[in-house]
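1. okay, here's the prediction I keep looking at, along with the sequence it came from:
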Amino acid sequence: MKITQVDTVHVAAYPNITWVQIHTDSGLVGLGETFRGAQAVQAQIHELTAPYLLGKDALAIEAHHHHLLYGYIGFASSGVETRAASAVDIALWDLLGQATNQPLYQLLGGAVREQVPVYNTCAGYTYNKASQRRVVTDASADLTPEGPYEDQEAFVKRPAQLAESLLSEGYKAMKIWPFDPFAAASRGQAISAKDLDTALKPFREIRRAVGEEMDIMVEFHSMWNLPMAVRIAQALEEFKPYWAEDPIQMTNLDTIAEYRSRVRIPVCASETLATRQPFLHLLQRNAVDYVMLDLSWVGGISEAKKIAAIAQAFHKPVAPHDCTGPVVLAASLHLAMSTPNVVLQEVVRAYLSGWYRDLVTQLPAVFNGFATVPPGAGLGMALSPALLRRDDVSIRSSRL
């Protein structure tokens with residue numbers, strides 16, 4: 001099955017997302033996706049990636065994965081080369097599933113579970129949809145509601161009601177980031193006792209309302225220096241967070257290990273890392289409790305499967321990241337379905353009930369705190385025909 005055409009698809013209304021469609025001489029089309037730096041990703045794909053792929057066997061996934069991910073430059077980061085390679089890798093796995101008429105998880109080793117446990121990241125409808133994330137900085141802020149799940153505003157203004165709403169839908173875990181505004185104000189260098197107390201308010205209200213029925217993940221977005229990250233973690237201990245995610249920037253892995261040695265909250269890291277080597281170093285330093293990876297940034301399905309196996313050798317669970325797009329979510333769920341040490345999959349209920357529905361032909365089903373993959377071969381989804389007909393869509397093609 002020869003690759004005959006590589007398309008990148010971009011829609012102005014969703015400026016962060018790049019989709020990749022890989023066409024073959026069999027008529028099958030594989031779908032991939034990555035996030036952020038859309039114009040740079042498209043340039044990488046059409047200037048370097050597509051010329052390599054065109055005319056080659058679409059099913060030689062490992063050969064293409066190694067060539068594109070571990071090339072001469074760009075192999076040690078989640079930069080544009082890796083994001084482009086990640087999207088291509090997802091599309092090639094999708095093609096393999098379609099060619100064999102099998103769901104992707106079957107080709108990754110078969111199902112180890114019937115459904116995947118999920119947690120809700122408390123983002124709203126517009127979070128990560130535009131080129132810049134909006135952070136709700138105080139309880140007086142208002143976001144224009146697009147539906148019932150403006151969860152980013154709710155975790156600041158109505159955390160108890162938010163937890164109760166999630167529990168009513170079967171979610172048993174939620175992720176919030178009330179410390180971010182204070183990190184932005186000080187560039188992560190300091191937080192006062194007063195501001196720390198303010199940021200702790202959602203945790204108090206959630207625990208008061210629902211007790212320990214709801215697990216709470218804390219996201220720090222790599223924004224703090226080491227002393228402040230430790231101070232915050234120590235203040236959070238009484239609320240028993242499920243994990244502290246990316247408390248400091250993932251540049252000095254020895255510092256991450258020091259952080260973990262000084263706190264009593266499990267550490268989750270990191271969606272920002274790419275390829276297997278940094279994860280191996282994290283694990284060797286005993287710096288992490290939960291391994292988080294993003295399939296569209298880490299190197300695709302091929303690399304994520306290898307990282308999960310390394311984590312399993314260290315008896316550490318994996319929790320795939322998704323706050324990006326529906327194709328990555330579907331690919332992550334296929335990985336989770338076939339990987340014993342995946343413990344949780346991130347979802348955003350505002351996305352699933354909102355703009356994700358406009359992008360693809362079918363979505364994963366999420367019900368009562370669990371998700372299942374879309375039915376069908378490969379990923380089980382394609383880009384919506386209506387999306388491809390939009391006035392603001394741009395499709396760039398490289399052909400054999």
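-> Good, I have the coordinates.

2. report how many residues lie close to residue 129.
-> 20 (other CB atoms under 10 Å). The C-beta positions use only the backbone N, C-alpha and C, and glycine is treated the same way.

3. downstream of the helix ranked longest in the chain, the next helix or strand is which one?
-> Longest helix of the chain, by residue count under DSSP state H: helix 80-100. Following helix 80-100 in sequence order, the next helix or strand is helix 104-107 (DSSP states H and E).

4. pull the CA atoms of that next one into PDB?
-> Backbone C-alpha positions of helix 104-107 (Å, rounded to 0.1, in the frame of the first residue of the first chain) are rendered in PDB as follows:
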ATOM      1  CA  LEU A 104      -6.400   0.100  16.500                       C
ATOM      2  CA  TYR A 105      -6.300  -1.300  20.000                       C
ATOM      3  CA  GLN A 106      -6.500  -4.800  18.500                       C
ATOM      4  CA  LEU A 107      -3.300  -4.200  16.500                       C
END
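
5. what helices and strands are in contact with it?
-> Applying 3 or more CB pairs under 8 Å, 6 or more residues apart in numbering; DSSP states H and E, one finds that helix 104-107 contacts helix 80-100, helix 326-337.

6. give me the angle between the first one and helix 326-337.
-> Between helix 80-100 and helix 326-337, the angle formed by their directions is 70 degrees, by axes from the mean of the first three to the mean of the last three CA atoms, to 10 degrees.

7. using PDB, list the CA coordinates for helix 80-100.
-> Presented in PDB, the C-alpha positions along helix 80-100 are these (Å, rounded to 0.1, in the frame of the first residue of the first chain):
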ATOM      1  CA  VAL A  80       7.800  21.000  15.400                       C
ATOM      2  CA  GLU A  81       9.700  18.000  14.100                       C
ATOM      3  CA  THR A  82       8.300  15.800  16.800                       C
ATOM      4  CA  ARG A  83       4.800  17.100  16.600                       C
ATOM      5  CA  ALA A  84       4.700  16.500  12.800                       C
ATOM      6  CA  ALA A  85       6.100  13.000  13.300                       C
ATOM      7  CA  SER A  86       3.500  12.300  16.000                       C
ATOM      8  CA  ALA A  87       0.600  13.300  13.700                       C
ATOM      9  CA  VAL A  88       2.000  11.100  10.800                       C
ATOM     10  CA  ASP A  89       2.500   8.200  13.200                       C
ATOM     11  CA  ILE A  90      -1.100   8.300  14.300                       C
ATOM     12  CA  ALA A  91      -2.300   8.500  10.700                       C
ATOM     13  CA  LEU A  92      -0.200   5.500   9.700                       C
ATOM     14  CA  TRP A  93      -1.600   3.400  12.600                       C
ATOM     15  CA  ASP A  94      -5.100   4.400  11.500                       C
ATOM     16  CA  LEU A  95      -4.300   3.200   8.000                       C
ATOM     17  CA  LEU A  96      -3.100  -0.100   9.300                       C
ATOM     18  CA  GLY A  97      -6.300  -0.600  11.200                       C
ATOM     19  CA  GLN A  98      -8.400   0.200   8.100                       C
ATOM     20  CA  ALA A  99      -6.300  -2.100   5.900                       C
ATOM     21  CA  THR A 100      -6.800  -5.000   8.300                       C
END
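
8. quick one, which of the helices and strands packed on helix 104-107 is nearest to residue 289?
-> Among the helices and strands packed on helix 104-107, the nearest to residue 289 by CB to CB is helix 326-337 (18.0 Å).

9. next structured bit after the closest one?
-> Using DSSP H and E, the helix or strand that directly follows helix 326-337 along the chain is strand 345-347.

10. residues in contact with that following strand?
-> The contact list for strand 345-347, computed with CB atoms under 8 Å, 6 or more residues apart in numbering, reads 116-121, 175, 319-323, 329, 332-333, 336, 366, 371.

11. any idea how far it is from the chain center?
-> Distance, stretch centre to chain centre, for strand 345-347: 8 Å (CA atoms, centre = their mean, to the nearest Å).

12. that one: partners in the sheet, and parallel or antiparallel?
-> Partner strands and pairing direction for strand 345-347 (DSSP bridges) are strand 116-121 (parallel).

13. now do the strands in this structure.
-> 3-11, 17-24, 29-35, 116-121, 173-176, 215-219, 243-245, 267-269, 290-291, 345-347, 365-367, 370-372, 393-399 (DSSP state E).

14. chain center to the fifth one: distance?
-> Here the centre of mass of C-alpha atoms in strand 173-176, compared against the chain's by CA atoms, centre = their mean, lies 14 Å away.

15. which parts of the longest helix of the chain are buried?
-> 80-99 (16 or more other CB atoms under 10 Å).

16. cool, stretch 235-253 as well?
-> 235-236, 239, 241-250, 253.

17. what's the answer for stretch 252-265, then?
-> 253, 255-260, 263, 265.

18. now that stretch: average pLDDT?
-> For stretch 252-265, mean pLDDT is 96.

19. per-residue pLDDT, residue 326?
-> Among the per-residue scores, residue 326 shows a pLDDT of 98.

20. for it, which residues are in contact?
-> By CB under 8 Å, 6+ apart, residue 326 lies in contact with 33, 351, 356, 359-360, 363-364, 381.

21. distance of it relative to residue 9?
-> Separation of residue 326 from residue 9 (CB to CB, to the nearest Å): 13 Å.

22. what is in contact with those two at once?
-> Shared contacts of residue 326 and residue 9 (CB under 8 Å, 6+ apart): none.

23. break this structure down into its domains, please.
-> Residue ranges for the domains of the chain, per automatic domain parsing: 3-101+383-399, 106-372.

24. need the buried residues of stretch 235-253 in a markdown table (columns: distance to residue 217).
-> Shown next, in a markdown table, are the buried residues of stretch 235-253 (distance: CB to CB, whole Å):
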| residue | distance to residue 217 |
| --- | --- |
| 235 | 16 |
| 236 | 11 |
| 239 | 11 |
| 241 | 7 |
| 242 | 5 |
| 243 | 5 |
| 244 | 8 |
| 245 | 6 |
| 246 | 11 |
| 247 | 12 |
| 248 | 17 |
| 249 | 19 |
| 250 | 17 |
| 253 | 21 |
